[in-house]
Each structure stands twice: as C-alpha cells, then as structure tokens.
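Colleague: Build the 3D model from these lines:
(chains A, B and C)
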Amino acid sequence: MADLTRRQFLKVTGATLVGSSLALMGFSPTPALAEVREFKLSRATETRNTCPYCSVACGILMYGLGDGAKNAQASIFHIEGDPDHPVNRGTLCPKGAGLIDFIHSESRLKYPEYRAPGSDKWQRISWDDALDRIAKLLKQDRDANFVAKTDDGLTVNRWLTTGMLAASAASNEVGYLTHKVARSWGMLAFDNQARV
Amino acid sequence: MALQSLDIVRRSATTLPEPQARGAHTGQVAKLIDVTKCIGCKACQVACMEWNDLRDEIGTCTGHYDNPADLSEHSWTLMRFTEYENPKGDLEWLIRKDGCMHCADPGCLKACPSPGAIVQYANGIVDFHEENCIGCGYCITGCPFNVPRISKQDKKAYKCTLCSDRVAVGLEPACVKTCPTGAIVFGDKEDMKQHAAERIEDLKSRGFDKAGLYDPAGVGGTHVMYVLHHADQPMLYADLPENPKISAMVGLWKGVSKPLALFAIAATAFVGFLHYIGIGPNETDEHDEEAARRELEKTS
Amino acid sequence: MTNHWVDIKNADLVLIMGGNAAEAHPCGFKWVTEAKAHNKAKLIVVDPRFTRSASVADVYAPIRPGTDIVFLGGLISWLIANDKIQREYVVNYTDLSFIVKDGFTFTDGIYSGYNADKRTYDKSTWDYERGDDGFVRSDPSLTDPRCVYSLLKEHYARYTPEMVESVCGTPKDKVMQIWDMIGSTSTPTRAMTIMYALGWTQHSIGSQMIRTGAMVQLLLGNIGVSGGGMNALRGHSNIQGLTDLGLLSNQLPGYIGLPLQSEQKYDDFIAARALKPLRPNQLSYMQNMPKFHVSFMKTWWGDAAMPANNWAYDYLPKVDKLYDMLQVYELMYDGKINGYLAQGFNPLAAAPNKAKLNAAFAKLKFLVIMDPLATETSEFWKNYGEHNDVDSSKIQTEVFRLPTTCFAEENGALTNSSRWLQWHWKGANPPGEARSDLEIMAGLHARMRAMYTKDGGAFPDPIVNLTWKYAQAESPLPEELAREYSGSALKDLADPKDPSKITRKAGEQLAGFAELRDDGSTQSGCWIFCGAWGPTGNLMARRDNSDPTGIGQTQNWAWSWPANRRVLYNRASCDPSGKPFDPKRKLVAWNGTAWTGADVPDFKADENPAGGMGPFIMNPEGVARFFARAAMNEGPFPEHYEPFENPLGYNPLNPKQPQATSNPAARVFARDREAFGKAAEFPHVATTYRLTEHFHYWTKHVRLNAIIQPQQFVEIGAALADELGIGNGSQVKVSSNRGFIKAVAMVTKRIRPLKIEGKTVHTVGVPIHWGFMGIAKPGFIANTLTPSVGDANSQTPEFKAFLVKVEKV
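Modeller: Numbers count the residues shown, from 1 in each chain, chains lettered A, B, ... in the order given. Below is the predicted model:
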C-alpha cells in the first residue's frame, strides 16, 4: 500500500465520489435504466433470398423497413442467415454477414452514364438515349461485319467483332435471356466468369 | 432456460439490494468458443458490427490478419492470430476470438464507480449501460482480460453485450448464429460444458493430449468459455491469461478508497475531483498497473 | 459437384487440394467440421500455403504450385502397387479392362500424333480397340498389356515417392502419411471426398489435375457414393447455372455444343452428339439428344423452327474456334473487336495481364457496362495514378455504364455447386434508376428487332423470329423465363404406348426431360432444367428441409438438376447385383423390380442389374474413363507439365524433351509468350488467391468487409523475408515480366521454402481483392502480374503458378 502513488490515489478515490458513496449514505442512486436495447426486428418484413457471392448459396433472411403498405418504401436494414436452409442452417460467412453494406454501398450505380471518346469524366444520360445509342452501335457493327458464309462457301452465320461477358452472379432467368438475345445476334465471343 | 430472464442481479456502484424474488431457475447462459474449430473467418466480427450497428475504421494492414488491430468501441470482438510451431515441428495457426468473457465475478462491474453503468443479469450476461457511463476507465482496470474500450468520441465505455437484446427475445447472439463452422455455440452453461467435454474427447483422440476447457475460476468462471487444444498453455493464444483475477486496483478502491470517499463527500474538494474524473484519467498507465500487480502479489 | 454440400458430412476422409474451402466457402466447409465432429473423419489439406483450411486439418502438407499431378500420379501408382483399389468397382464400372488401340504411344512426355508446329494432336490413335461386333474389346482379368489398367500402371510407374518429393517439395514422410490415409478408403465401407476449386482449374494443366483426382476416386470406388465424389466448390453464386445454360463461346444450354463450322449438315451435328453405345446393352443417354435439341430450337424460334429448315439450324452461329476471353482479348488487342458488353463482370481485374487488357479496351469503339457497382473495367480510361496510369485523352472508346439491380432487388433462381436451383424473392427496389439485366437485355432486343424489321440488315431472321411471348416485351418476368427454360407441351401429347391417352395437354408444364420429344411438340429452353417449374408449380421455391434418412438428402428442398437427383452416378454406390456397397449410407438399391432409395436413381429406373448396364450412363461405354480417349487436348492420361513460368526450365518427369516442359497442347499467342519471364530474372514462384474476408473485387465496395481486411498485402515466407531484409508490415514491390504491384509484406511461417530438384524455391502469395475503386484502401490489380496463357481444354488462365521478383521498396 505504501507504493501507492498520489496519482493512483486520486484516480481511485476520485472516481468513487460520483456514485456509490451516495448510495452508501442512504441516497437513492440516479435512476439506472438497466434495460437491454430494444429488439430491432419486431415488425420488420422478412424476405427470403440467397447470398449472391459464392456457390454454397446460403439462405438469407432480409429484414426490411415497412410492412408492405403502399405508402412505405421498403429498405433492407438487416440480413442474417436462414436457419431453415439445409446447407448454412442460419450461418453466414464474413461476406454474407456483411451483405447489408453491399446493398447500401456508396459504390452502387444509380443512373446510366456515358463517357465520350477522349473524355476524362462521366455524364448522365437517360435510359432511352443509352439503349438507343447502344442498339445502333450494335447493329452498325453487326451489319458491317457479320459473316454469313466463309470464303470457301460454308454457312456460318456468325458475328465476331462484338463480344459479351455474362454475369455469373446473375440469376438463371437473366442468364437464359442474355444467352437467348446474344446468340440470336450470332455472337460467338461470348463468355462468363466460369472461364476464369 | 432463463434466456428471457434479464433480471438484474448486480449493478455497479450500488449497494442497495436488487430485487431477488425471481431467479434463473432453468440455468444461466454461456457462449462456448471452440478455438479448434475456428477458421478465423471473422464472420463473427462482421455479424457483431452489423447487428449492433457499429462500423469501425477502415484501417491498414500491419502485417497481420488481425483487423481491426484491436478492440474498440466499434469492434466488440476480433480474431487474434498466432503462428505457433509445436514441439513436433508442425505449424499451428491458433486463432482466438477475443471479446468480453462475461465473468461470473465481473471485475469491470466491481471497479465501476458509476451507478448502473454496468449490470449483471440473472442469466449471467454482464452489460454496459452507456447512458450511465462517466468514462473513467475503471472497467478497463478491473477487467482481467483487457476488454472494455473507451470511445474517443463520446468518452463512454463499450464492449460485447452478448447481444442481450437478442437473448432477451429468445435468440442466440449474432456471432453465434453466423459462425460458419459451429466454433461458437450458445446455450445453457451446463450444456455448453457437456458440449465442450465431447469436443475435448475428440481432440484427445486426434493427439491433443492437453485439450481442455477454459472457464477460469479466478473470476468465478465465465459465461464465455473456450475449448483450447493446449489448455495447459492459454498464453499461446494471444496472451489469454492463465489465471485471470480481478486487478488489485479494484480491491484497493473497495478496501481503502471507498471509506475515504464517504468522508470526502462532505468536502468541497468534490468539485475538483469531478473535473478530474470528467476529462482526465480515462486509462491507467502501465506504471499504475504494475504497482497494483506488485501490491496484489504482496497481499495474496 | 458430383455430390452436394451437406453430403460431405458422410465422408470418412476429406481431401482439400486445389482449393481452400474454409476461406472461400466457409458455410459449406461446415460440413467438413461436421464430418470431423460426428463421423470421426480426418481432414487432409495439401496446399502451397498453410491456409485457414489447413489450420483445422489433421494433416497438412505443402506443395509447389502447379505440381499436383505429380503428387496424385504418385498416389495412383502407390494405390495400384499396394492393392489399395476397390477391385469390384474398377473392373465393373470403369474402362480399366478395355483394350487400347495399337498405335497409341507415349514417349518422353509426348503422346502419339503430336504436331509441334500447330501445338495440337491428331487424336486418332487415342481410342479403344473395337471387336468384330463393333464394340470395344476388353480383358476383365486386367492382364492384357494393352488394357487401360496396364497402360495406366506403366504410365505412373515413373511417379515415385522420391520424384514427388523432388518435384513437389512435399516432405516424403508427409506424402506417405497422406497416401496411407487415402488408401484406407479403398474399402467399400469408407469414403473420401475431394474438394477442389480454382487451385486446380487455374493452371495450364488444370483440367488434367482434376482428372487425376477423379481417377484416384475411381480407383478407390469413391464416385457415386455418399460421402465421396469429386466436388468442385465453384466460385460465383450462379457460375454453375450460367455454365448449365451454356453462356460460353461454343455452347448451347444443357451442355450441347454449338455446331462446328465443319458440321454443315444437321445430321452430322446430331450424330456427333447423340452417340451410339460402345458396349452391349449400354444406355448412352445422349442418344436422346435430338429430343432436347429440337425442343430447344422450338423454344427460341417457335414456328420458324420446322422440319423443313432442320429446326432453324442455320440460325445457330457455326464455330471455327473457341472465342474464350483470352482469345477475345488477343483479337481486341489487334483491333479486331469493336464492341464489348460486360454484364456483372469486371474483366480488367479478373483477366490476366492487366497492361494487355488496358491496351485492348482502348482499341474498342464502344464498351457497355451493366453492373450494380462501379467497377475498374468501367473506368479503365481514367487515370488513378500508378494503380491505373492511363491518358484519358488518348482513349477513344465510348463507354456506357448502366446501373443494375442486385440480389435483394429481384426474384429469380440461382444454381449452386450442388446443382440446386433455389428461388429467391425481392425485398426492396433498386437505388436511383437502376434496372434489372432482364430489362436491359429486353430493351436492346426490342430495339434491334425493331430496326431489323424496319430496315433489314445482315441475316435478320434469328432476331426478328426470336420468340418473345412475355406479357411486357421490355420487362419479361423471371417467372415467365423460368417456365420457358423448364419447358411445356406445345400440342396435346399422346402416350406413345396408347395414343388414345393424352399425357400432357398443350400449354402444360412438363415434369421432366423424359417428356421431351423430337417432333416439335414440346419446348424446353434448357433440357437439364426441365421440370424445375413443373405441372405442380415452381419446385425451385420448395422449402421442406426434412431429411428422412438422416444422410442429408433433403429431396424436397428446392430442385436439383438433373431430375432432382442429388448425388450423380449413384447407381455406382451398389455392387453389380444392385446391393449397396455400404448399407449405412445407402442412396439407391435394386429391389427386384425397380431402383429406389434416398435419391433419384441415376439409372434406368427398371433396369435389372443382371443385364450389365454400366452406371455411367452419359458415357457411351456405360463406365467411367481412366483413358480419356479424344476428350482431352493434351492426352488420354494426365501427365505433369510445368507451369509456363516455372523455376526449373525443364520438366523433371521428361527432362530430355523440351517440347514437354510445359503443356504441349496449350494455345500460346506469340506476344503472350514473349511476355513470359524467366527464373533468372524472376526467381520467386507466385500464386494468386482469395481471402475469406473478401469476395473477388466486389467487397472492397462493402464497408464491413473493408474494415476486416482493409489493405492490399502479399504473403512472404519468413525465410525469403530474411534473405531480402524485408520487415513484416513494410512495403514491397512484386514484379513479373508484365508489370508490378506494391503492397504490404505479410511475413509468415505459413509459407515455407521448398527444396525442388535440390534448389530452394520460395513461394509468394498474392491475394487478389484490391483495385483502384471502392472504399477499401486503393491498391494494384493483382492480375497486373499474371501470364496470359490458359489450360489447353478450358482456356482458364494460369493464375496459380507464375514467376515474380520480390524487392524492398
């Protein structure tokens, strides 16, 4: 005890004065509202989904603001694992557990954008302008470079000067429609993430 | 199971008895962390931040997998990675999830001078109530595991709540639910001990002769326990203390300082002390701690 | 996967090699920990790095990147020499007894038929010998010197434990310990599963590494059984589904190859795909291919697909060669590609040799990005200092960036690596003006169709005649598309046995591909998905997780292709008489009149086993192949070839034949070959990989993940760090012959130097997740370093083994 420095003594004794001494002397303590934090999911809307990252395909529960009423704009504010799912049984890895910040990432794109040749910046563009222009570029290139027949007369009906990569995190329905459209153009330079 | 029972059994800096009629008659809760199943994926860190609406800083890489580098008011749990070469010459990557141990005899609560800033529930959870926290840092001094952290922003102490808000409605904590390999499990403390015993048997069959449960008696046992492959050497796991005890500083304030304080309440010097408390000593320095340790060694 | 995630719990032994399941697939890895905890399973990890999978393994062994065939080839030799094979299985269910053609040879690493100038093989000798009856000859005693067994044994005799230690750098005691454990699963009552991923695919001999693993599993009788199998973990959430749906250069949905240019006649196209049995009484299931193909063509082109035009055969583009990513970037670099669309794909980060990509993209006239996130590819033209040092003013590419929905904002199905199609539901609207890819693709089609209808142009027929029966032409619903790819009757279908009975009315959904017909009366956009949305509704949305047998066969959870079957080749889990090899993990069995059990039989349901039909019904042989015939480009047996950038300069298995140093059949473009580095200048072996905290290049945009792994680093063994004076946490520069990155050095004991052919070889670990976009600390794209060369079959780039130089900064 002799080793106790003055500073220590001040610290130890000083801190005590705020609280329990009052109680010891018979004063009531300040009201200590010892309640747990309110459970935040009570009436949130639960939607079942699948983690979009790896191929384990864990089941997830997304909790959204609002009860589906027309005037409430749904917004997902919490995600956790689906305990019914046979594979993940409620668990999620650090990627799946962080999905909420993917949905709300500041890198989410919100508007169609256009970068002109030689420019160093984006400019906003409407959906119609973007799709009209892209379709025109596609058709120009296809009409100019489509190979109906090879030099030795084989029918090949292919278009090689425009290519496409498909999203392997997109749903089957997106993949199916993408394939249908791209192949109808005669495209062969067509690949997805399975390649790498 | 007394998961619904969040009745308070102890409250910091309060000597008035708590209501005692209700009790945890179906058992107390515990989280068991099986270090031998842990893959260090940090899902628990993410789930903790996500559930508790915390976002730590985006830091830097310091040459370790430990990120963030330390516990903070925004990181209530984190993985500590240790590369250990065992006597056979094989490498082991020991990964320990660090965070509040929810001691049965909580040093933080005992050290806390602010009424109701730290409470212990009947089910065993030790919870901080920041609205009552004065930021003095005594919980840090009192904690044998060096867990609570004071926020630089609001000068209040934070740590794992064992997701008391989830447990209160009958759910498991967020880290437990998310753990991909089942390295973190949760339930009645006795069930957790039995689960640990099964795990230890399996580990012994795989050559870990010293596998065992970490539920240290020096703090009355804990409501967060570990299964360790090398239970004889807890220090291997990023300095998990071998025989954790409540710091002598806490004994000091109970034994000597408190009566002095009682006396001092009448004194006008009070104001000066308050000032000191409010802005000064948020942490004890190493010198103080060392002195306290020596004091403890002398007396024990 | 041949099996599925939950089934891993039934394994007695788990081999993780060429993958890192604990980090890349943590929630699937749970079933490994389950097998350990409740099935007393052991876990073996073989990896160049001591990974987080290794941290919970019973045995870990290091291996030099790119040498897995040596390790596994040695294992094959050891299993044969020590009679650790399941003889009843291999004699009856594999081609080991088949006789190989006389002209087939293998000398100094080169198979018969090699053309060194074209770097391709004439594969005519790579086949079985036929008997007078037209069927393949066999010798069930396995003694014929030309039988597959004899050739296999001879081929791998060179792969000794000493050779393994010298080439792989794996200590011999670890090798023997692991082989012994693996050999223990040759009994019918023990099963091993192999889990692999990009650690096997991303090599110039990646496909053959996987084959070698499969051959090990066949020798042990571990294919088709519960707790066994070859389990590709796979990467993205729907990489399986997109592959199933044929979104690859030369594929149509359901693994039907697009017609080759040489297949000018429709009948030739069909004959090459609807193969006749090679052995008596074999099913050769793909004889049904015309039913699948005609149904497919009817789906896409409706009335325009008719018998008179061979079901619109000309509408399909004809393939002259594979236009995979590497080929396309080569053409793009040469200015031969004008337009490019990247849907949810970030090739600037994901493809090898970033400098080449930057130059190639700058030659495009237009680039269209569809993505929920701001990717590096979308800003390849923008200067980000040394992370992307370009001059915008010199890049003339028009770039469109279209915002898309993410998973939370759409309905639809994803197919996981277990082949389960699982439906998911929308929870919120996308931000701003973002639209689904369905609307974008429909919007482009609508415009193209309108222009081709009005103005004409090059071959408008497949565009203007494309079926489009969606209620809202510019916004097809996922439900409409799912019903379409599943399939329905176009006319009333009569029972072939009793034409007075109608089995399916026109417009009704079909229950499965067995109902498909080749007369134009049915439609299905992807035959292997047929039945996913059946007559009773959307089976992908099923949520009954009951598991009556306790072995994890949740048959009523979602829907699995093919035909809701969960374990492929499950007939092979029974002996030839139809009794389960291991009754404790019974999948199916012959009950005297039919095949029944916990799974949908992968067999003809009423086929009496006495008839001798083999369990591998997709192969015309009816059995599994050790001898790949002409299916692989570099040879019928996997042979070790060094990575294109390797520390030795020769192949220790074939040291005298320089043509056999690296894969002799791999396609290498001249400028990519020039960009290869040599060991003298780049002495360290590098390998790229993923960390558990991140997913590819997405999660650096995700705050929670950026917090737990904020900054780019490279992993360097303590020995190399000492040698170079590199301190832990300091900055280092890692260069290849293609560029450099700078990163924090993480000095670790988990990567150790290996003794290779007497030389010390250091491995450097390069995690891939950083780039110049996002909220994590900005970094370099790891693929700045990687070489542009792919596997000879799949053209998957060699990301896992290349040469670098590490320097202090």
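
Colleague: Run through chain B and note the low-pLDDT ranges.
Modeller: Applying pLDDT under 70 to chain B flags residues B:1-5, B:249, B:251-300.

Colleague: In it, which residue sits closest to chain C?
Modeller: residue B:63 (3.2 Å; C-beta to the nearest C-beta). Placement of C-beta: from N, CA and C, glycine included.

Colleague: can you tell me the helix or strand for that residue?
Modeller: Under the criterion DSSP states H and E, no helix or strand holds residue B:63.

Colleague: For chain B, which residues are neighbours of chain C?
Modeller: With C-beta under 8 Å from any C-beta of the partner chain as the criterion, chain B meets chain C at residues B:36-43, B:45-46, B:49-50, B:55-65, B:67-68, B:83, B:85, B:90-93, B:95, B:180-183, B:199, B:202, B:205-206.

Colleague: which of those residues count as buried?
Modeller: For those, a burial check counting by 16 or more other C-beta atoms under 10 Å in any protein chain shown picks out B:36-43, B:45-46, B:49-50, B:56, B:58-59, B:61, B:63-65, B:67-68, B:83, B:91-93, B:95, B:180-183, B:199, B:202.

Colleague: So which of those sit within helices?
Modeller: In helices, judged by DSSP state H, the following of these are found: B:43, B:45-46, B:49-50, B:199, B:202.

Colleague: What segments of chain A are strands?
Modeller: Here chain A has its strands, by DSSP state E, at A:45-50, A:59-64, A:76-81, A:113-115, A:123-124, A:147-149, A:155-158, A:162-166, A:190-192.

Colleague: Dump those to CSV, plus distance to chain C and mean neighbour count.
Modeller: As requested, the strands of chain A are exported to CSV (distance: least, C-beta to the nearest C-beta, whole Å; neighbours: other C-beta atoms under 10 Å in any protein chain shown):
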stretch, distance to chain C, mean neighbour count
strand A:45-50, 4, 20
strand A:59-64, 4, 23
strand A:76-81, 5, 22
strand A:113-115, 4, 20
strand A:123-124, 10, 10
strand A:147-149, 6, 14
strand A:155-158, 4, 20
strand A:162-166, 4, 26
strand A:190-192, 4, 29
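
Colleague: Redo those strands as a markdown table? Include distance to residue C:109.
Modeller: Output for these, formatted as a markdown table (distance: least, C-beta to C-beta, whole Å):
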| stretch | distance to residue C:109 |
| --- | --- |
| strand A:45-50 | 45 |
| strand A:59-64 | 48 |
| strand A:76-81 | 49 |
| strand A:113-115 | 49 |
| strand A:123-124 | 57 |
| strand A:147-149 | 38 |
| strand A:155-158 | 36 |
| strand A:162-166 | 35 |
| strand A:190-192 | 31 |
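
Colleague: Of all those, which one comes closest to residue C:62?
Modeller: Residue C:62 lies closest to strand A:190-192 among the strands of chain A, at 33.1 Å (C-beta to C-beta).

Colleague: What strands flank the closest one, and is each parallel or antiparallel?
Modeller: Paired with strand A:190-192 in the same sheet, following DSSP bridges, are strand A:162-166 (parallel).

Colleague: mind showing which ranges of the stretch 251-400 of chain C have poor pLDDT?
Modeller: Within the stretch 251-400 of chain C, not a single segment meets pLDDT under 70.

Colleague: near chain A, which residues of the stretch 1-150 of chain B?
Modeller: So far as C-beta under 8 Å from any C-beta goes, the stretch 1-150 of chain B lies against chain A at B:6, B:8, B:11-16, B:41-43, B:45-47, B:50-51, B:113-117, B:119, B:127, B:129, B:131-132, B:134, B:136, B:138.

Colleague: how about a cut-off of 6 Å?
Modeller: Counting by C-beta under 6 Å from any C-beta of the partner chain, the positions of the stretch 1-150 of chain B adjacent to chain A are B:6, B:8, B:11, B:13-16, B:41-43, B:46-47, B:50, B:113-116, B:119, B:129, B:132, B:134, B:136, B:138.

Colleague: among those residues, which ones are buried?
Modeller: B:6, B:8, B:11, B:13-14, B:41-43, B:46-47, B:50, B:113-116, B:119, B:129, B:132, B:134, B:136, B:138.

Colleague: need the contact list for residue A:93.
Modeller: Under the criterion of C-beta atoms under 6 Å, 6 or more residues apart in numbering or on different chains, the contact list for residue A:93 reads B:41, B:43, B:180, C:26-27.
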